[in-house]
Structure formats: C-alpha cells, structure tokens
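Chemist: structure for the following, please:
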Amino acid sequence: MKKSLAFYRSLPEKEVSAQNGERFAVVQTGNLMLCLYYGRYDMENPAKVSYKGSGKTF
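Modeler: Now for the predicted structure:
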C-alpha cells in the first residue's frame, strides 16, 4: 500500500481523497476515482477486522 500511494501521489493532479490506514485508499482526480485495496491486510491483522450486515461469521 505504501508503494502504491507513493506512486499515485507523485503524479500531477492526483491526491488521496480517503484512506483507511494501510487497508484502503481512494485516489481521485476530475472524474477518475481509483480505489486501492490491500487484500492481505485482513489476513495480517485479524484482530482489526470486523464484518457487519450479513449476520454471518467468517
């Protein structure tokens, strides 16, 4: 995630408009919205993960 964010921040007119720690970030410019998701975060940090809405346990 850190390398991806550094890359997109280095591009002109790109900024991170939303971020959830090392798990998720949104890079936006004009009508373009790019969502970055670090899928391994959940595996590496199970104590920080919660599931809501489905009523199911994973």
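Chemist: what sits against the residue nearest the centre of the chain?
Modeler: The residue lying closest to the centre of the chain (CA atoms, centre = their mean) is residue 24, at 1.2 Å. Contacts for residue 24 (CB atoms under 8 Å, 6 or more residues apart in numbering) come out as 18, 35-38. C-betas here are computed from N, CA, C, even on glycine.
Chemist: what bridges to it?
Modeler: Counting by DSSP bridges, residue 24 forms beta bridges with residue 20, residue 37.
Chemist: ChimeraX command to pick out the buried ones of the contacts of residue 24?
Modeler: Of those, the buried ones go into a single ChimeraX selection, burial set by 16 or more other CB atoms under 10 Å:
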select :36,38
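Chemist: now, among the contacts of residue 24, which is nearest to residue 53?
Modeler: Nearest to residue 53 among the contacts of residue 24: residue 37, at 17.9 Å, using CB to CB.
Chemist: I figured the closest one hits residue 23, correct?
Modeler: Yes - assessed by CB atoms under 8 Å, residue 37 is found in contact with residue 23 at 7.2 Å.
Chemist: for the chain, longest helix please?
Modeler: Using DSSP state H, we find that the single longest helix of the chain is helix 2-10.
Chemist: for that one, give me every contacting residue.
Modeler: The contact list for helix 2-10 (CB under 8 Å, 6+ apart) reads 14-16, 19, 22, 25, 27, 34, 36.
Chemist: if we go to 6 Å?
Modeler: By CB atoms under 6 Å, 6 or more residues apart in numbering, the residues outside helix 2-10 that reach it are 14, 25, 27, 36.
Chemist: could I get those residues as CSV with pLDDT?
Modeler: Formatted as CSV, the contacts of helix 2-10 follow (pLDDT from 0 to 100):
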residue, pLDDT
14, 76
25, 91
27, 85
36, 88
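Chemist: these, buried ones only, as a PyMOL selection?
Modeler: To isolate the buried subset of the contacts of helix 2-10 in PyMOL, counting by 16+ other CB under 10 Å, use the following:
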select buried, resi 25+27+36
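Chemist: which pLDDT value does the model give residue 46?
Modeler: The confidence metric pLDDT takes the value 88 at residue 46.
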